[in-house]
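K.L.:
Need a 3D model of the sequence below.
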Amino acid sequence: MRRLSQGKTIFLIAFLVIMWGVNWPLSKTALQYTPPILFAGIRTLLGGGLLLLVALPKRRQLQFKRHWKIYLASSGLNIVLFYGLQTVGLGYLPAGLFSVIVFLQPVLLGILSWLWLGEAMYGLKVIGLILGFAGVAIVSAGSLSGHVSVIGILLAIGTAIAWALGTAFVKKRGDVVDSIWLVTVQLIVGGLFMTGVGSTVERWSDIQWSLSFVGLLLFISIFVIAAGWLAFFTLIGAGEATKVASYTFLIPLIAILASALFLHERVTIYLLVGLVFILVSIYFVNRPRRRAQPNDQQVVSS
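P.N.:
Just a heads-up that it's a prediction; the model follows:
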């Protein structure tokens, strides 16, 4: 397992949380210019194409014939199902409610990492995961409105399950494939699939190729999609999946702050209360487990 320095770990976590946080308001703005499925396919395919330029010098490490099952499984879970269900589901539910359900992912990943990856599960970590999800729910509570659709809820749950399964799968099998090629292939395969679906059910003529849209598309493709997924799987490969995932609880917080800054959306007291829950959650999940001392188990007799 590749270990990262503390400085690099902090940088990658900060980069990931900020990029995936600002992605929500940026994508919401971009959807004013494009149909959703085509947008999901184009940005993912473009991100994969950009990473391909970085991966080509390491083409001997691709070994697609040997590891094609890993590449396709990761593409299906982390790109096709995650982005596909998310894109469709946002049409059925308010964004706040949808994001709350999707951020069941760290809790689900904690369970999968315990059952499948053999990571330690103890009381403080369980409490931390629950507090983190509660914090996300509190942060988003002020924005919950509109009709609640059963289909939307099921799609949100499916999005969370796909993300958790995809992350656990990469953690389990990712050591045998090159991380850059893994991200590159899954983005290209997933992007091609979603672009194909979008071309069937949507119209390319509905895309408004304005300077604003092109700028948003390039920023999201480069920093959110390509660099974001690469940072995420680099962190997952270097440490406990549950601990890394605990920091993703901060993403809705960043999304709301960015939405308030760029879209002038209202910030409420829920934000401050939820922030406390999230910070305590991250502390609990990442706090080293106290090992029992020999004296703790000795019975003092007279």
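
K.L.:
how many neighbours does Arg43 have?
P.N.:
Neighbours of Arg43 under the rule other Cβ atoms under 10 Å: 29. (Each C-beta comes from the backbone N, C-alpha and C, glycine too.)

K.L.:
My error: substitute Gly118 in the last question.
P.N.:
For Gly118, using other Cβ under 10 Å, the count is 9.

K.L.:
Determine the three-state secondary structure at it.
P.N.:
Secondary structure for Gly118, judged by DSSP: H, G, I helix; E, B strand; the rest coil, is coil.

K.L.:
what do you get for Leu4?
P.N.:
Under three-state DSSP, Leu4 comes out as coil.

K.L.:
and it, what does it touch?
P.N.:
12, 234-235, 238-239 (Cβ atoms under 8 Å, 6 or more residues apart in numbering).

K.L.:
residue ranges with poor pLDDT in the stretch 1-150 of the chain?
P.N.:
1-3, 93-97, 100, 139-148 (pLDDT under 70).

K.L.:
Quick one: the helices in the chain, in order.
P.N.:
6-30, 36-55, 64-75, 82-89, 95-102, 105-115, 123-141, 150-173, 179-201, 211-219, 228-238, 241-246, 250-262, 269-286 (DSSP state H).

K.L.:
List the buried residues for the first one?
P.N.:
Of the residues in helix 6-30, those scored as buried under the neighbour-count criterion (16 or more other Cβ atoms under 10 Å) are 9, 12-13, 16-28, 30.

K.L.:
tell me the phi and psi of Val177?
P.N.:
Taking degrees, to the nearest 10, you get phi -120, psi 150 for the backbone angles of Val177.

K.L.:
what does Leu117 give?
P.N.:
Taking degrees, to the nearest 10 as the convention, Leu117 sits at phi -100, psi -10.

K.L.:
Do I have it right that it meets Thr167?
P.N.:
No. Assessed by Cβ atoms under 8 Å, Leu117 is found out of contact with Thr167, at 10.1 Å.

K.L.:
Between these two, which is the more surrounded one?
P.N.:
Thr167 (29 against 14).

K.L.:
In this structure the more buried one contacts Leu109, no?
P.N.:
Yes. Using Cβ under 8 Å, Thr167 is in contact with Leu109, at 5.6 Å.

K.L.:
What sits closest to Leu72 if chain neighbours are left out?
P.N.:
Leaving aside its sequence neighbours, Leu72 sits nearest to Val189 (Cβ to Cβ, 6 or more residues apart in numbering; 6.8 Å).
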